[in-house]
Each structure stands twice: as structure tokens, then as C-alpha cells.
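In: Requesting a structural model of the entry that follows:
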Amino acid sequence: MIIHPVTVQEFIPTNAYFYIDEDTRHGVLIDPGAEADRLLNVMKEQDFSLQAILLTHGHFDHIGAAEALRQKLHIPVFMHENGREYAQNPKWNLSAAFGEECILEDITCLKDGDMIEFPQAPGLHLKLIHTPGHTTDGCIYYDEARHVAFVGDTIFAGSFGRTDFYGGDEGVLFRSIRDKILTLPEETVLLSGHSEETTVGTEKNGPIWGHWAQGRLS
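Out: All right, here's what the predicted structure looks like:
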């Protein structure tokens, strides 16, 4: 089960995702950008429990509510190992640009290829795939069995993440998309931070990536 409330941080709407094992009502929360109390109310209304918070990258509009939720729920916060700079540096996570100081006090760092599994949610199996370019710590969480990937700001429906922030690199991002996302099965649903859902097949054969995927762009 996937529930995706849209949270708003400094006028920036961001998709948060509850990914829940329907049999046990346990799961994870991906990219809680803001409105911690509202996200807690969703949990209460839907009657499920969280085992962890997963972050696709360290920008403040994706991590803004993580610390408050960690303290309230006593659960770990996972992100790619390159995320320490973003977690601890308000300039890098962009909160300083809005006159705020977003800092994550306690994170659990993961590496490319790590599997995220919990006995309380046996139906969920997420693989962290490192997809830098939007940020140095950018990653997606891929469930092969359920044909779904939570892709943050790496790729959107018909678009892709900006590369003009700290740690951004357009060439690196495009290679991440080509080599890490467009190589997934075409039926894989892509759930991003700031667009409607799409699929690998739709993007692979669409106007932006179609020529590149067919080998006509370098």
C-alpha cells in the first residue's frame, strides 16, 4: 500500500510516501519534507506503524520533518552515505537560503546496493541504488518484486532534477538516469518528489530520454 500526502515547506510542495505492508500494517516513510504533525495524523488515521524513515537525498524540502518524526517515533533515519554533508550543513541542504537551520542529529548511512528489510514488514524489500547528480547523495529505493521505485528528484515525469545546487552535476545526473533508472524493467512505476507518477517505459520512450536510450545521444 502506498499513501502519498503532499507536504509543503516554504511554499515548495513535496510528495512524501508511506510504503506499507498491507498484511502487517508496518512499513516506512520516504521523504517527509514538512508537516510532521500531519504525517503523524495520517499514521493514526490509517492505523499503521513505521520502522524507518528513508531519504532520497538531503535537500530540506525532503528532510524537513525527519528529525521531529525520529524523536517522536524513535525510529532510524536512513540515507546514502554521502548525505552527511547535507544532513549537517544548512547551506548544502538549502534551508539556510530560507532563513532556517535544518539539521538531522542522527542518521544511519547506507551504501549503494544495500537492502532495506524489516521482519515486521515481510512484504517490503527495498534496494538503495545510488543516483547522484541532483545531489551527491541522491538515491532511489527500488522494490523489484512490486515494480516500484521511489526516485526523489533524480527523475520526474517528463523531466529531471536541477543540478545547480551544492553537489549537483548534470552529466553525472544524466548517467545516473541512463544507467540506473532507464535500465529497470519498463513496467516499473517511478514515484518522484515533485511530479505525478510515471514509468520507466514512458520515460525511456518519451521525448526527453528516447533518443538517448536508443543510442543517438552521448
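
In: How many residues are close by Gly64?
Out: By the criterion of other Cβ atoms under 10 Å, Gly64 has 26 neighbours. For every residue, glycine as well, the C-beta is placed using N, CA and C.

In: which one's the longest helix in the protein?
Out: Identified as the longest helix of the chain according to DSSP state H is helix 36-46.

In: chain center to the following helix or strand past it, what's the gap?
Out: Per DSSP states H and E, the first helix or strand lying C-terminal to helix 36-46 is strand 49-54. Distance of strand 49-54 from the chain centroid (Cα atoms, centre = their mean, to the nearest Å) equals 13 Å.

In: swap in stretch 189-199?
Out: Distance, centroid of stretch 189-199 to centroid of chain: 11 Å (Cα atoms, centre = their mean).

In: So for it, mean pLDDT?
Out: Averaged across stretch 189-199, the pLDDT comes to 97.

In: Show me the residue at the heart of this protein, geometrically.
Out: Taking Cα atoms, centre = their mean as the criterion, Thr56 is the residue nearest the geometric centre of the chain, at 3.0 Å.

In: give me the element that one is part of.
Out: For Thr56, there is no host helix or strand (DSSP H and E).

In: Ignoring the adjacent residues along the chain, who's closest to it?
Out: With sequence-adjacent residues excluded and distances taken as Cβ to Cβ, 6 or more residues apart in numbering, Thr56 is closest to Gly152, at 2.7 Å.

In: and the residue nearest to the centre of the chain, what is it in contact with?
Out: Neighbouring residues of Thr56 by Cβ atoms under 8 Å, 6 or more residues apart in numbering: 30-31, 62, 138-141, 150-154, 193.

In: For the residue nearest to Thr56, name its beta-bridge partners.
Out: Beta-bridge partners recorded for Gly152 (DSSP bridges): Ser192.

In: all helices of this structure, in order?
Out: Counting by DSSP H, the chain has helices at residues 36-46, 60-63, 66-73, 84-88, 170-176, 200-204, 210-213.

In: Glu10 is nearest to which of those helices?
Out: helix 60-63 (7.3 Å; Cβ to Cβ).

In: Mind giving me the packing neighbours of that closest one?
Out: Where contact means 3 or more Cβ pairs under 8 Å, 6 or more residues apart in numbering; DSSP states H and E, helix 60-63 is packed against strand 12-15.

In: thinking again about what came up before, and the residue nearest to the centre of the chain, what pLDDT?
Out: With respect to pLDDT, Thr56 has a value of 98.

In: same question, Arg216
Out: For Arg216, pLDDT reads 42.

In: gap between stretch 44-62 and the chain center?
Out: Here the centre of stretch 44-62 is set off from its chain's centre by 10 Å, with Cα atoms, centre = their mean.

In: how far out from the middle of the chain is stretch 185-204?
Out: 13 Å.

In: now what about that stretch, what contacts it?
Out: By Cβ under 8 Å, 6+ apart, stretch 185-204 touches 2, 4, 13-15, 17, 31, 33, 56, 61-62, 142, 147-159, 181-182, 184, 209-210, 213.

In: Much appreciated, bye for now.
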